[in-house]
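J.: Can you look at this prediction? I've put the sequence above it.
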Protein chains: 2
Amino acid sequence: MDVQTQIEMEKAAQILKLLGDKTRLSMMKLLQNNECCVCELVEIYKASQPAISQHLRKLRDIELVKERRKRHWIFYSLNKENSYYQFVLNVLESLPSEDERLKELEKQGLRINCC
Amino acid sequence: MDVQTQIEMEKAAQILKLLGDKTRLSMMKLLQNNECCVCELVEIYKASQPAISQHLRKLRDIELVKERRKRHWIFYSLNKENSYYQFVLNVLESLPSEDERLKELEKQGLRINCC
DNA sequence: TGAATATATAATAAAATACTTATATAATTA
DNA sequence: TAATTATATAAGTATTTTATTATATATTCA
């Protein structure tokens, strides 16, 4: 059994509700290993910029992700400081990697690689 | 790391969406260790019978739970045959036990204990 | 077989969620 | 400092989800 502390039922439901969306879940998996900016996510998920932005806001509101501004862009990544980080990892662990999607972007020359 | 196979992103999102509801999540945790009939769940969650029935239907539709009829009652439990059972267990593992709720019922003499 | 009991389903209304379009903000660069 | 770029927010609409009320079904028991 994993090292993990127990988590309040209500909080767990709140987190799982957010993860229970195909786009957000896939984004979370992608952000597990990568820092991505909004425009990359827009490209990857073929969604509108506000749609992606609103998904990110929800994830940010409960502090599952954090942001880091760099030059023009805001880069998102998983927030490892969150008390529920381990719980989230447990869920993500079973999911297939989405890293290929970023590699695709890179091939197309659309990866934002500042610094 | 747990023994677990990878699960399709879309299927995972579908399951997590169902688990992302306080009542259903708690029910799933309860059913992890117990077989319960609908009227017990109605009592425990202080919800209407159709509300509980509809939650169960959703869980049954994607085969997360199964039913077993016995005398007047239909008893629900986790469906261990499901391909995603291990994934579900991984999620439930982090949650606090809900077994106390059943013990409470028992104290009140409301536990259905056929056979 | 008929009444009682437990559960399911249908129809509807209410609430929550997600997407779109338009606009605002905030940092950057010229 | 003005224009540009990336992202966020707001408002409105469409869609989905949840709960309620009413009714149906199916088993049990008398």
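T.: Perfect, I can see it now. Residues are numbered from 1 along each chain as shown, chains lettered A, B, ... in the order given.
J.: in chain A, what spans have low per-residue confidence?
T.: Applying pLDDT under 70 to chain A flags residues A:1-4, A:113-115.
J.: Try it again at 50.
T.: A:114-115 (pLDDT under 50).
J.: Need the three-state assignment for the residue positioned nearest the centre of it.
T.: By Cα atoms, centre = their mean, chain A has its centre lying nearest to A:Met28, at 2.8 Å. The local conformation at A:Met28, judged by DSSP: H, G, I helix; E, B strand; the rest coil, is helix.
J.: From what I see, it and A:Tyr76 are in contact.
T.: No - applying Cβ atoms under 8 Å, one finds A:Met28 not in contact with A:Tyr76, separated by 10.0 Å. Heads up, the C-betas are built off the backbone N, CA and C, glycines and all.
J.: Name the helix or strand for the nearest residue to A:Arg101 once chain neighbours are set aside, please.
T.: Excluding the flanking residues, the one nearest A:Arg101 by Cβ to Cβ, 6 or more residues apart in numbering or on different chains is A:Ile44, at 5.0 Å. Under the criterion of DSSP states H and E, A:Ile44 resides in helix A:38-45.
J.: Show me what that helix is packed up against.
T.: Applying 3 or more Cβ pairs under 8 Å, 6 or more residues apart in numbering or on different chains; DSSP states H and E, one finds that helix A:38-45 contacts helix A:22-33, helix A:49-61, strand A:73-78, helix A:99-107.
J.: how many other residues sit next to the nearest residue to A:Gln14 once chain neighbours are set aside?
T.: Spatial nearest neighbour of A:Gln14, chain neighbours left out: A:Ile62 (6.5 Å); criterion: Cβ to Cβ, 6+ apart. Residues lying near A:Ile62 (other Cβ atoms under 10 Å in any protein chain shown) number 15.
J.: quick one: contacts for A:Ile62?
T.: By Cβ atoms under 8 Å, 6 or more residues apart in numbering or on different chains, the contact set of A:Ile62 is A:14-15, A:18.
J.: how far away is it from B:Asn33?
T.: Separation of A:Ile62 from B:Asn33 (Cβ to Cβ, to the nearest Å): 29 Å.
J.: do the same with A:Arg101
T.: Taken as Cβ to Cβ, the span from A:Arg101 to B:Asn33 is 39 Å.
J.: So which of these two has more stuff around it?
T.: Neighbour tally, A:Arg101 and B:Asn33, criterion other Cβ under 10 Å: the higher count belongs to A:Arg101, 19 against 13.
J.: if I look at the more buried one, how far off is DNA strand D?
T.: A:Arg101 sits 16 Å away from DNA strand D, going by Cβ to the nearest atom of the strand, to the nearest Å.
J.: okay, how far is it across stretch A:92-107, tip to tip?
T.: Using Cα to Cα, to the nearest Å, the end-to-end distance of stretch A:92-107 comes out at 26 Å.
J.: What are the buried residues along it?
T.: Residues A:92-95, A:98, A:101-102, A:105 are the ones in stretch A:92-107 that count as buried (16 or more other Cβ atoms under 10 Å in any protein chain shown).
J.: Tell me the one of those nearest B:Lys58?
T.: A:Ser94 (20.9 Å; Cβ to Cβ).
J.: quick one, what contacts the closest one?
T.: So A:Ser94 contacts B:4-7, B:12, B:86-87, B:90 (Cβ under 8 Å, 6+ apart).
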